[in-house]
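Enquirer: quick one: sequence and predicted model below, then my questions.
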Amino acid sequence: MSYIDVLREAKDQVTPGMSACQGCGGELILRKALQIAGENTIIGIPPGCMAGAGVVGWNYANGLKIPVHIPLLDNSAAFFSGLSQMYQRKGRKDTNIVVLAGDGATADCGFQSLSAAAERGEKLLYICYDNEGYMNTGYQRSSTTTKGSRTSTTPIGSVVKGKTQQQKYVPLIIAMHNVEFCATASPSNMADFVAKVQKGLAASKNGFAYLHVFSPCPTGWGYAPDQGIEVARRAVKANMFPLWEMDRGEFKLNDENRKPITIAEFVKGIGKFKALSDEDIAAIQAMVDHRFEMLKRLAGK
Amino acid sequence: MGTKKVLTGNYAAAEAAALCRPDLVAAYPITPQSSVVEHIAEMVNNGDLDAAMVQVESEHSAMSVVQGAAAGGGRVFTATSAQGLALMFEPYFRMSTLRLPMVMAIATREMTSPETVWSGQQDAISVRDAGWIQVFCESNQEIIDMVIQGYMIAEDQRVMIPVNVCYDGFYSSHLTEGIDLPTQEEVDQFLPPMAPDNHPVLDPNNPFALDPMTAGPLLMKYRKNHLEAMHRALDVIDEVDAKFAKAFGRSYGGAIEEYRCDDADIVLVTIGGMSGTGKDAVDIAREKGIKVGLIKLRFIRPFPAERIAKALSGKKAFCVIDRSVCFGWSQGPMYMETKAALADTDSKFCHFSAIGGLGGADISLQEMLDTIDYLEANKNEPGEKETRWFLKD
Amino acid sequence: MERQHVTPIGNDGMYVLDTASWRILRPVMDKSKCVECGMCLAYCPVGAIIGSADKKYTITYDYCKGCGVCAAECPRKAIDMKPEGGEK
């Protein structure tokens, strides 16, 4: 079955009308991931855009067709560790236990419980949709926000322009937890994304699986809503978001990206980068190049 | 009859939890609770306890893991103290407001600052408005019995509120006492396994949203239900106490214990381990002819206001001894609440707050005796006296 | 006892927003240009594009927010974004 066949045939588990913005990367990731996971799935969606967009329900109405819980912003991996442990104990090991959390709930305040669940090898699939900020509360910076980005807590001021730090690279940190499966994915590379969700779900039956997904955000980042996939594609091509996977310790670059585009080309037309100086662009480029070289070495290239 | 053993309070809590056949235990070490977790881990690793043991990285995650397991239909247990309880406050509040039943032991400890690891009840007392049922124990036997009773109370359909079994750090947690440890058969007979439909369980076979976004008017209904269930718990506590007495031959009198109160003029109100010293002081004072009794606060959430008012009715004077403080009142919190319980009585008491035993300091027999003498001397002068601090110099 | 904080799925229906009302531009597919690759279905964030077993792709308008991703991603430029005329 090709990935298109999978996406065409599998049932949508999400309410048809949710309040995610036009062209939201998170909505795309949620729908596709749950199509692949199917009905025998329990999902946790902590506070963030997806939870705020109504899929965790409202009063007596529901946003999903599968069981869902909105855990705390900082305890998703822990809560679903406990749930997964109960499913192992009940002998229902085929049920998918999935968390879909934003980068704030993953890289910042949820990082401690995530790291611990990964270290314990809890049997669940944790998907981070990384839109590089706290979009649901009005786009404040997070630790995964790219350097120089304009956010509501790193505004373009007359003295300081945007975020001054480089982003924290969470997926590689999680990979170093001896997890069953760890990968990055981008909605622009949908075949790769579908395959990794499938692998992640399978791996979650044996241990901890983690998927870090690039999630473009038209509202926060400032680009036209129809450009999300193109922005994601450019991020991959610029090595801003390299695609790799680590399957039981075997590290693999999914795309060696022999002809990368530059960071200057990546940031074009994206509002949050409009105040980047040449020095900023050079600094991001240097970080990205260094990181990609490191990933290549990990992959034995 | 069970087995006679000599156990610390922490081992008593661990043994009792194991007898309740938990599906999952998640905990993080903290003084003075650590040996609860250690002993449970020992039982699991030796194959004596069939439970999942999750070694988490913080108390926040301990409460979160047990919450997830409870939402998966499990009977769960954890234990903590002081800073750990403070760290877990976020999922702690949520456990009770999700109305998921469980038992958590708290080896009570003073809150930092100043830096301290020693006894005090400020930790558990500070979270008394987080929706849990809280019971304070005097002896290691009581710890065992209340852990077992705790599950029955928490899982009762009229209640559905998690239970804290609190006992004094070090004084109870680390000191040994002779206890009667019920057998597995006895506990199995008393406490049935949790029914599969005890509470909603996250399950693809019966999909629902657990805790969707909820608007104020509906949220208020949930809160009102919670408060009503708390109130109903007072009856359930008495029922379970009676049922337990029938099965094991031990009764604690329900939400409060009254000691030599019947003909008393003056009353000491105590909580936790200090009650033993208090009872000794009462006995000594009685020999001198002072008509003194003691009320031991056992359950403080729900607060047994009616029983306290009844027990104090006709008395002339009382003092509530707190092992914690009520910031903003210069008085102890249980004193504040006891006064609130008496708002509708006509009696004119001589009354005051006493605060002692903070940060591991002893509450001595002499301090209790002095307090009784003071009560006796002032019992005919109604009104509130100055707060008495059991300072050591 | 009344269940707390639990919303059984189906009892009160789904939380459904009329997201079609957000639409300013409407994707319109020129079937003569469509090569049935399915990219529009793969990238539609709303799931508004459905495909039949014989790989015919159709845009549905009940919840389409009009973001234009399908039009931007169609390799054959078979989808045009046209001003919304008020029809549902």
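Expert: Alright, I've got the coordinates. Numbers count the residues shown, from 1 in each chain, chains lettered A, B, ... in the order given.

Enquirer: going forward, measure contacts between C-alpha atoms and count neighbours the same way
Expert: Will do.

Enquirer: show me what from chain C comes close to chain A.
Expert: Taking CA under 8 Å from any CA of the partner chain as the criterion, chain C approaches chain A at residues C:6-19, C:38-39, C:41-47, C:50-53, C:63, C:65-73.

Enquirer: who are the contact partners of A:Ala283?
Expert: By CA atoms under 8 Å, 6 or more residues apart in numbering or on different chains, no residues touch A:Ala283.

Enquirer: name the helix or strand for it, please.
Expert: According to DSSP states H and E, A:Ala283 maps onto helix A:278-298.

Enquirer: surely B:Asn378 touches B:His351?
Expert: No - contact criterion CA atoms under 8 Å: B:Asn378 and B:His351 do not qualify, at 9.0 Å.

Enquirer: any common contacting residues for these two?
Expert: Jointly contacting B:Asn378 and B:His351 under the rule CA under 8 Å, 6+ apart are B:Ala317.

Enquirer: more neighbours, those two?
Expert: More neighbours surround B:His351 than the other of B:Asn378 and B:His351, with 25 against 18 (other CA atoms under 10 Å in any protein chain shown).

Enquirer: that one: what's it in contact with?
Expert: Counting by CA under 8 Å, 6+ apart, B:His351 has contacts B:Ala317, B:Phe318, B:Cys319, B:Leu375, B:Pro382, B:Gly383, B:Glu384, B:Lys385.

Enquirer: ok, B:Cys326 next?
Expert: B:Gly332, B:Pro333.

Enquirer: so the closest residue to B:Tyr259 other than its chain neighbours: helix, strand or coil?
Expert: Residue nearest to B:Tyr259 in three dimensions, not counting chain neighbours: B:Leu294, with 4.9 Å by CA to CA, 6 or more residues apart in numbering or on different chains. Three-state call for B:Leu294 (DSSP: H, G, I helix; E, B strand; the rest coil): strand.

Enquirer: in PyMOL, select just the buried ones from the contacts of B:His351.
Expert: Buried members of those, defined by 16 or more other CA atoms under 10 Å in any protein chain shown, are picked up in PyMOL with:
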select buried, chain B and resi 317+318+319+375
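
Enquirer: tell me who's in contact with the most centrally placed residue in chain C.
Expert: Compute the mean C-alpha point of chain C, and by CA atoms, centre = their mean the closest residue is C:Ala48, 1.8 Å away. By CA under 8 Å, 6+ apart, the contact set of C:Ala48 is C:Leu41, C:Ile59, C:Thr60, C:Tyr61, C:Asp62, C:Tyr63, C:Cys64.

Enquirer: can you give me the helices for the chain?
Expert: Defaulting to chain A. A:3-9, A:25-37, A:49-50, A:76-89, A:103, A:111-120, A:170-175, A:190-203, A:218-221, A:228-237, A:263-267, A:278-298 (DSSP state H).

Enquirer: hmm, I had chain B in mind actually
Expert: B:9-19, B:34-45, B:59-71, B:82-87, B:89-97, B:122-126, B:140-155, B:184-190, B:216-248, B:274-287, B:305-312, B:333-341, B:365-378.

Enquirer: relative to chain A, which of those is closest?
Expert: Closest approach to chain A among those is made by helix B:59-71 (4.2 Å; CA to the nearest CA).

Enquirer: what's in contact with that closest one?
Expert: Here helix B:59-71 makes contact (CA under 8 Å, 6+ apart) with A:75, A:78-86, A:113, B:24-28, B:54, B:56, B:75-78, B:80, B:84-85, B:87-92, B:95, B:100-102, B:200-202.

Enquirer: returning to what we had before: buried subset of the contacts of C:Ala48 as a PyMOL selection?
Expert: Buried residues among these (16+ other CA under 10 Å), as a PyMOL selection:
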select buried, chain C and resi 41+59+61+63+64
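
Enquirer: by mean pLDDT, flag the weakest helix or strand of chain C.
Expert: Every helix and strand of chain C was ranked by mean pLDDT, DSSP states H and E. The lowest is strand C:6-8, at a mean of 75.

Enquirer: for that strand, name the packing helices and strands.
Expert: Judged by 3 or more CA pairs under 8 Å, 6 or more residues apart in numbering or on different chains; DSSP states H and E, strand C:6-8 is in contact with strand B:208-210.

Enquirer: relative to the whole chain's centre, how far out is the strand it packs on?
Expert: Taking CA atoms, centre = their mean, to the nearest Å, the mean C-alpha location of strand B:208-210 is offset from the chain mean by 31 Å.

Enquirer: now stretch B:157-170
Expert: That offset, for stretch B:157-170, works out to 6 Å (CA atoms, centre = their mean).

Enquirer: list the buried residues of that stretch.
Expert: Buried, per 16+ other CA under 10 Å, within stretch B:157-170: B:158-170.

Enquirer: sitting in strands, which of those residues do you find?
Expert: If you go by DSSP state E, those have B:Val163, B:Asn164, B:Val165, B:Cys166, B:Tyr167, B:Asp168 in strands.

Enquirer: so can I have JSON lines of the residues you listed showing pLDDT and distance to chain A?
Expert: Shown next, in JSON lines, are those (pLDDT from 0 to 100; distance: CA to the nearest CA, whole Å):
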{"residue": "B:Val163", "pLDDT": "98", "distance to chain A": "19"}
{"residue": "B:Asn164", "pLDDT": "98", "distance to chain A": "20"}
{"residue": "B:Val165", "pLDDT": "98", "distance to chain A": "22"}
{"residue": "B:Cys166", "pLDDT": "98", "distance to chain A": "24"}
{"residue": "B:Tyr167", "pLDDT": "98", "distance to chain A": "27"}
{"residue": "B:Asp168", "pLDDT": "98", "distance to chain A": "29"}
